[in-house]
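K.L.:
coordinates only, sequence not included:
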């Protein structure tokens, strides 16, 4: 069941192998413009130094003519970049919380996002779908997406449903992607030498656990990146990842210390759905 709300390659002489093509330069410029756009909220832009959106999306290989699924977009932090970037030549599915969710928070979050799609010209042409790890709805038509992106979501699925929830999520992504399509994953990183039980409530996930869950449904790991790493983060804070900015759950207690650490240490993983499927 699919529930939704519809709101020339130039060769540069003998140096072509080492110099970017004209189309690649244009794509890079378009992504930079989307990141630097005045339409983005100032509070969101302030977090670019921690989230590195331009470098992250470039690492995943995004292009403006792609069909992209953003999973659990929340208030639209990444959507502010993706929507205008894909508006002309691509397509963006925003797989938000289910419309019939019994959670008041989920319902309010989805409603606020839908209102923004309706009223914000920069969010025009987004297709709002639904996602939950155990849902039977489709995040996009099967085999239609060039790229699926999830930013800091795995820990939520794991804390609410364990291994099965994470694996079910990855299976939905696999189904939505075309053969050769890319899955981009970013989440808070728990050191590999820590007990697995630390993933249960800390908000941090082991990178190799994420890889194993993705590979279990058929994905192949293409590359890891340290774009979003933060060596100052020890991942052992009293209120988990929410001890750090932007949440700062301890309030004024050791606020300067946690602010100096900055946002969490994060892994950035690029997977592909094999073309042989």
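P.N.:
Arrived safely, thanks for sending. These figures come from a predicted structure and were not determined experimentally.
K.L.:
for residue 137, phi and psi?
P.N.:
phi -80, psi 160 (degrees, to the nearest 10).
K.L.:
What sits closest to it if chain neighbours are left out?
P.N.:
residue 130 (4.5 Å; C-beta to C-beta, 6 or more residues apart in numbering). (C-beta placed from N, C-alpha, C; glycine too.)
K.L.:
Bridged to the one you found, which residues?
P.N.:
On the basis of DSSP bridges, residue 130 is bridged to residue 96.
K.L.:
Quick check, it in contact with residue 136.
P.N.:
No - the pair residue 130 / residue 136 is not scored as a contact, 9.8 Å apart, by C-beta atoms under 8 Å.
K.L.:
now the helices for the stretch 1-150 of the chain?
P.N.:
22-36, 42-45, 48-51, 53-60, 79-86, 104-119 (DSSP state H, counting those that start in this stretch).
K.L.:
Of those helices, which stretch is the most buried?
P.N.:
helix 79-86 (a mean of 25; mean count of other C-beta atoms under 10 Å).
K.L.:
Looking at that one now, give me its mean pLDDT.
P.N.:
Here helix 79-86 scores 97 as its mean pLDDT.
K.L.:
gap between residue 266 and residue 234?
P.N.:
14 Å (C-beta to C-beta, to the nearest Å).
K.L.:
where does the stretch 1-150 of the chain have low pLDDT?
P.N.:
1-20, 22-23, 26 (pLDDT under 70).
K.L.:
Flag every buried residue along stretch 158-165.
P.N.:
Neighbour counts over stretch 158-165 (16 or more other C-beta atoms under 10 Å) mark 158, 159, 161, 165 as buried.
K.L.:
circling back: which of residue 130 and residue 136 has more neighbours?
P.N.:
Taking neighbours as other C-beta atoms under 10 Å, residue 130 and residue 136 compare with residue 130 leading, 23 against 8.
K.L.:
chain center to stretch 54-69: distance?
P.N.:
11 Å (C-alpha atoms, centre = their mean, to the nearest Å).
K.L.:
Could you list the residues in contact with it?
P.N.:
27-28, 30-32, 35, 48, 81-82, 85-86, 88-95, 129, 139-140, 144-149, 173, 176, 182, 184, 186, 223, 225, 227-228, 268, 270 (C-beta atoms under 8 Å, 6 or more residues apart in numbering).
K.L.:
I'd like to know how far residue 87 sits from residue 120.
P.N.:
12 Å.
K.L.:
Tell me which stretches of the protein form strands.
P.N.:
In the chain, the strands defined using DSSP state E lie at 67-71, 91-96, 127-130, 145-151, 177-190, 205-206, 220-225, 266-272.
K.L.:
and the second one with strand 67-71, angle?
P.N.:
Right, strand 91-96. For strand 91-96 against strand 67-71, the angle by axes from the mean of the first three to the mean of the last three C-alpha atoms, to 10 degrees is 20 degrees.
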